[in-house]
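>>> okay, predicted coordinates and the sequence, questions at the end:
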Amino acid sequence: MGRKAEDLATRFERLVDRTGEHHLWLGSVNPERGTGRMKVDNVERTAHRVAWELARGALSSKKRVLTCESNPACVRVEHLRLERTTETSARRAPRARKGTGSMRLVRAGTWELRVTIGRWGNGRPRSFTSTVRAKSKAAAAGLLADFVEETSSSQLPETQDVRDMTIDEALNRYLDEYLATEKGRAEKTISDYRYLHQRWFSSAIGKEQVKRIESATMDKLFGTMRQAGLSASRLNQAKSLYVPFFRWAKRRGMTTRNPMADFQMPTSTFRSQERTPPEVEELSLLLSTAVEETPDIAPLLVLAAVTGIRRGELVGIPMSAVDWKRNQITVASAISSAGKVKATKTRQSRTFHIDTETVAMLKRHCDEIKKQAAEAGTELAADRFLFSLALDYATPMPPDHLTKRVAALKGYLGIENKDPEVVALEDEALRLRRSTPPSRPAGRPGPLPTGGLSYREIGKALGRSERWASLAVAAAERREMAHGSGRGDLDFDGSILALRKFTSSELLDAGFNINVVAERQGHGPQVLTRHYSKSRASSDKRAAEHLGRVVHRKDALAPEAQARSDRDP
């Protein structure tokens with residue numbers, strides 16, 4: 001090898017990092033292809049061709065050195081290959097270099113980018129595509145360079161099946177394998193997410209591959225939800241699903257980008273008709289009516305009002321969680337809608353005091369439990385729950401049962417807040433039930449019919465089930481009783497959540513420290529003030545009276561102004 005070749009080899013080696021699997025070129029590179037370049041005798045040549053010729057001799061102009069399949073900046077000779085260039089192939093459109101990228105004009109302003117990195121297990125090239133908007137070839141080349149860098153630095157999928165997975169397939173795997181199994185999310189959370197996807201996203205993008213979803217597509221779908229009038233909480237629920245989903249998909253090589261990375265939530269047009277928590281007098285009416293009409297849940301409602309415990313936590317209190325000597329309750333778990341024991345919403349337990357009258361009420365409740373078990377000849381479970389439908393109290397009361405009983409209680413008070421169409425349908429069911437009964441056929445013994453139509457006939461006439469008809473008639477009768485007793489004009493929220501809001505509002509109105517209230521409720525101060533501390537009419541009146549005393553107090557006026565105020569009230 002001559003002096004010039006030795007000088008070139010020395011200069012070449014100064015610009016190569018041979019410490020890793022790939023021998024990386026450290027000098028100047030082609031911004032579009034990512035390949036190295038250097039000048040030899042004032043002529044620019046590719047670094048990988050120079051590497052080949054230094055190691056294996058000069059090449060004719062018809063021979064071309066192909067770059068490393070995994071890294072275009074690699075100049076390791078063992079990773080390079082030769083390709084013979086013919087006149088026919090020279091006239092063909094440029095092909096994508098393995099490990100680099102190519103671009104193709106699809107239509108005016110739209111380009112298809114393709115990057116090939118390595119090969120799949122079956123030997124086929126591992127390529128990725130992306131369709132972008134670019135006004136010029138130079139702009140598209142810049143986007144191609146970004147795509148090459150993005151793909152090279154991303155986690156690549158192991159198989160083509162993973163790379164080509166659709167949104168529906170990937171989301172089901174995300175919910176079942178990741179959220180449910182690895183994260184241990186509640187069954188209801190998983191089902192809510194699944195329904196949300198099926199309702200608002202699956203029809204539009206469910207069959208699309210994950211890698212082809214763009215930010216504009218997700219913006220459009222969230223905009224559709226907004227135009228449909230969905231609440232901010234429902235939009236946030238969708239965001240809580242898709243932001244981590246696309247992060248998860250990117251980590252597994254299903255996509256090279258997260259289309260939700262810079263997502264901006266649209267402003268919801270939904271305007272909720274939120275009802276304020278009950279006043280003290282309304283709460284007393286609710287609890288006294290529960291003792292008369294729904295005594296089976298009266299103790300739960302009292303405990304809910306004095307503690308603000310969530311519904312699932314309320315029905316899931318074991319007897320061992322009550323410290324009778326210290327007047328304390330420990331909330332360490334909750335019950336899901338499926339009846340399974342789960343962690344609390346914050347995944348933390350909390351202990352707080354309860355008043356002596358509530359403790360006495362719970363003791364009476366426990367005595368009644370023992371009495372009922374003795375009369376039925378049943379032995380109570382050792383680790384029994386405080387509230388249950390089972391005689392041995394070994395299983396907790398289902399949360400949905402409590403909700404249904406509260407709905408019945410609200411019916412007795414006339415505060416159901418149902419849709420007018422539902423009320424009209426229930427009233428019609430009651431009318432059909434009370435219509436003139438048909439005459440008994442001659443010669444048929446037995447009692448006279450008690451109603452105009454049976455529940456089965458009512459359900460058939462109204463397009464509903466027999467069970468719905470029986471429940472509808474009962475609801476209409478309760479509503480009728482409420483109006484007959486003068487309760488039809490009541491308007492307050494009597495739900496379990498309203499009792500939780502009552503507890504928060506009452507304690508804050510009484511001047512208790514916000515951190516104390518938040519700890520009892522089982523969430524942070526910000527959540528407390530945003531969602532659970534609600535302004536009630538009584539608080540607003542007290543605020544007005546306080547400001548009036550401050551502004552109009554005469555003893556604070558100057559003597560001259562005091563005399564003038566006395567003369568001219």
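Perfect, I can see it now. Numbering: from 1, shown residues only.
>>> helix/strand/coil for Q198?
Using DSSP: H, G, I helix; E, B strand; the rest coil, the structure places Q198 in helix.
>>> what's the local residue count around it?
Q198: 13 surrounding residues under other C-beta atoms under 10 Å. C-betas here are computed from N, CA, C, even on glycine.
>>> what's the spacing between it and I205?
Separation of Q198 from I205 (C-beta to C-beta, to the nearest Å): 12 Å.
>>> again, but for G36
40 Å.
>>> tell me which of the two has more neighbours.
Regarding G36 and I205, a neighbour count based on other C-beta under 10 Å identifies G36 as having more, with 27 against 20.
>>> which residues in the stretch 401-550 of the chain form helices?
Applying DSSP state H, counting those that start in this stretch to the stretch 401-550 of the chain gives helices spanning 420-434, 455-462, 466-484, 496-509, 514-521, 525-527, 537-552.
>>> who's in contact with L508?
514, 517, 533 (C-beta atoms under 8 Å, 6 or more residues apart in numbering).
>>> residues touching the nearest residue to the first one once chain neighbours are set aside, list them.
I take that to be I514. Of all residues beyond its chain neighbours, the one nearest I514 is P525 (5.0 Å), with distances taken as C-beta to C-beta, 6 or more residues apart in numbering. When contacts are counted by C-beta under 8 Å, 6+ apart, P525 is found next to 514-515, 518.
>>> who wins on neighbours among those?
Most neighbours among these, by other C-beta under 10 Å: A518, with 21 neighbours.
>>> any idea which element A238 lies in?
helix 232-251 (DSSP states H and E).
>>> what's stretch 403-418 in contact with?
Stretch 403-418 is contacted from outside by 275, 285-286, 289-290, 293-294, 296-297, 301, 311, 423, 426, 474-475, 478-479, 481-483, 487-496, using C-beta under 8 Å, 6+ apart.
>>> which among those end up buried?
275, 285-286, 289-290, 293-294, 297, 301, 311, 423, 426, 475, 478-479, 481-482, 487, 490, 492-496 (16 or more other C-beta atoms under 10 Å).
>>> before we move on, back to that, got the contacts of L508 as CSV, with pLDDT and distance to M254 columns?
Formatted as CSV, those follow (pLDDT from 0 to 100; distance: C-beta to C-beta, whole Å):
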residue, pLDDT, distance to M254
I514, 90, 44
V517, 87, 44
S533, 74, 43
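>>> per-residue pLDDT, M254?
At M254, the model reports a pLDDT of 83.
>>> what of R520?
Per-residue pLDDT puts R520 at 88.
>>> cool, and M1?
On the pLDDT scale, M1 gets 43.
>>> kindly report the same for the one 10 residues further on.
For R11, the pLDDT comes out at 87.
>>> so what's it up against?
Counting by C-beta under 8 Å, 6+ apart, R11 has contacts M38.
>>> go again with 10 Å.
Neighbour list for R11: 27, 38-40, 50 [criterion: C-beta atoms under 10 Å, 6 or more residues apart in numbering].
>>> buried members of these into PyMOL, please.
The command below creates a PyMOL selection of those among those that count as buried (16+ other C-beta under 10 Å):
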select buried, resi 27+38+50
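>>> using PDB, list the CA coordinates for stretch 50-65.
Extracted C-alpha coordinates of stretch 50-65, given in PDB (Å, rounded to 0.1, in the frame of the first residue of the first chain):
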ATOM      1  CA  VAL A  50     -13.800   4.000   1.500                       C
ATOM      2  CA  ALA A  51     -13.900   1.400   4.300                       C
ATOM      3  CA  TRP A  52     -14.400  -1.400   1.800                       C
ATOM      4  CA  GLU A  53     -11.700  -0.300  -0.600                       C
ATOM      5  CA  LEU A  54      -9.200   0.200   2.200                       C
ATOM      6  CA  ALA A  55      -9.800  -3.400   3.400                       C
ATOM      7  CA  ARG A  56     -10.400  -5.200   0.100                       C
ATOM      8  CA  GLY A  57      -9.100  -3.100  -2.700                       C
ATOM      9  CA  ALA A  58     -10.400  -0.600  -5.200                       C
ATOM     10  CA  LEU A  59     -13.800  -1.200  -6.900                       C
ATOM     11  CA  SER A  60     -15.000  -0.400 -10.400                       C
ATOM     12  CA  SER A  61     -17.600   2.400 -10.900                       C
ATOM     13  CA  LYS A  62     -20.200  -0.200 -11.700                       C
ATOM     14  CA  LYS A  63     -20.000  -1.800  -8.300                       C
ATOM     15  CA  ARG A  64     -21.800  -0.300  -5.300                       C
ATOM     16  CA  VAL A  65     -21.200  -0.900  -1.600                       C
END
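>>> got the buried residues for that stretch?
For stretch 50-65, the neighbour count (16+ other C-beta under 10 Å) marks 50-54, 65 as buried.
>>> list just the nearest of those to E545.
Lowest distance from E545 to the buried residues of stretch 50-65 (C-beta to C-beta) belongs to A51, with 88.6 Å.
>>> check the gap between the closest one and R76 for me.
For A51, the distance to R76 (C-beta to C-beta) stands at 8 Å.
>>> how about A249?
Taking C-beta to C-beta, one finds A249 at 33 Å from R76.
>>> settle it for me: which of those two has more neighbours?
Per other C-beta under 10 Å, whichever of A249 and R76 has more neighbours is A249, with 25 against 18.
>>> for the residue nearest to P259 when sequence neighbours are not counted, give its distance to F222.
The shortest distance from P259 to any non-neighbouring residue, by C-beta to C-beta, 6+ apart, is to S215 (4.4 Å). Counting by C-beta to C-beta, the gap from S215 to F222 is 11 Å.
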